[in-house]
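Colleague: coordinates only, sequence not included:
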């Protein structure tokens, strides 16, 4: 059992340029270290924040769907929920081009 569980400290899963994929982060930290889970979907992997901004502005549509990111997000959210953990997913416009549409896609996958 992780000692963080008692301190209210959690790893924040980050989908952005310098980080490994979400599933790999989960493997590296060996499970959920806290009673809640937080996933931040910021930019495509290996793409700087500035390049993602340029690619996705004016944030009016999905510029590029990221299926692996979506699958891993849904998998981790389901896994955390199955263990009784609250899960929070924060979505930035720069990850796919339009945060509300990305959220809508994730919700559809969770329901599907």
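Modeller: Structure received. Quick caveat, the model's predicted, so the values are computed rather than measured.
Colleague: So, low pLDDT: which residues of this protein?
Modeller: Applying pLDDT under 70 to the chain flags residues 1-8.
Colleague: max-length helix in it?
Modeller: Assignment by DSSP state H gives helix 67-82 as the longest helix of the chain.
Colleague: buried set for whichever helix or strand comes after that helix?
Modeller: As assigned by DSSP states H and E, the chain's next helix or strand after helix 67-82 is strand 86-91. Neighbour-count burial for strand 86-91, counted by 16 or more other Cβ atoms under 10 Å, picks out 87, 89, 91. C-beta here means a position set from N, CA and C on the backbone, and glycine is covered the same way.
Colleague: for strand 86-91, packing partners?
Modeller: strand 36-41, helix 67-82, helix 99-111 (3 or more Cβ pairs under 8 Å, 6 or more residues apart in numbering; DSSP states H and E).
Colleague: Tell me which of those is the most buried.
Modeller: strand 36-41 (a mean of 19; mean count of other Cβ atoms under 10 Å).
Colleague: what's the spacing between residue 30 and residue 55?
Modeller: 34 Å (Cβ to Cβ, to the nearest Å).
Colleague: check contacts around the residue lying closest to residue 85 once chain neighbours are set aside.
Modeller: Nearest residue to residue 85 in three dimensions, chain neighbours excluded: residue 37, at 5.2 Å (Cβ to Cβ, 6 or more residues apart in numbering). By Cβ atoms under 8 Å, 6 or more residues apart in numbering, the contact list for residue 37 reads 10, 13, 76-77, 80, 85-88.
Colleague: quick one: the longest helix of the chain to strand 36-41, angle?
Modeller: 170 degrees (axes from the mean of the first three to the mean of the last three Cα atoms, to 10 degrees).
Colleague: my read: residue 91 touches residue 104, true?
Modeller: No - judged on Cβ atoms under 8 Å, residue 91 makes no contact with residue 104 at a distance of 10.1 Å.
Colleague: quick one: contacts for the nearest residue to residue 97 once chain neighbours are set aside?
Modeller: Among residues not flanking residue 97 along the chain, residue 63 sits closest, at 3.5 Å (Cβ to Cβ, 6+ apart). For residue 63, the contact set (Cβ under 8 Å, 6+ apart) comprises 55-56, 96-97.
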